[in-house]
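Q: no letters, just coordinates:
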């Protein structure tokens, strides 16, 4: 199983907030690059959603 997490995030440089910031569990780190201002000041505020994904199961949509 792989874990996909959705976070609320905020850039401490320009103030832009996002309610949808998806990461794989192993990608979590302290700060991320802001798509708005380009500074590495985006921090995760709180986890909104957790999805377990089985890479061996194919989902039909």
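A: Yep, that arrived. Since we're looking at a predicted model, the values are computed, not measured.
Q: now do residue 48 against residue 21, distance only.
A: With distances taken as CB to CB, to the nearest Å, residue 48 is found 9 Å from residue 21. Glycine gets a C-beta too; all of them are placed from N, C-alpha and C.
Q: which of the two has more residues huddled nearby?
A: residue 21 (18 against 14; other CB atoms under 10 Å).
Q: who's in contact with that one?
A: The contact partners of residue 21, by CB atoms under 8 Å, 6 or more residues apart in numbering, come to 6, 7, 8, 9, 32, 42, 44.
Q: among these, which ones are buried?
A: Buried members of those, scored by 16 or more other CB atoms under 10 Å, are 7, 9, 32, 42, 44.
Q: just the ones of those in helices?
A: If you go by DSSP state H, the buried ones among the contacts of residue 21 have nothing in helices.
Q: about what we covered before: shared neighbours, residue 48 and residue 21?
A: 6, 7, 8.
Q: the last one touches residue 18, doesn't it?
A: Yes - Residue 8 is within contact range of residue 18, at 7.0 Å (criterion: CB atoms under 8 Å).
Q: neighbours of the closest residue in space to residue 37 that isn't next to it in sequence, how many?
A: Leaving aside its sequence neighbours, residue 37 sits nearest to residue 14 (CB to CB, 6 or more residues apart in numbering; 4.1 Å). Taking other CB under 10 Å as the criterion, the count of residues near residue 14 is 13.
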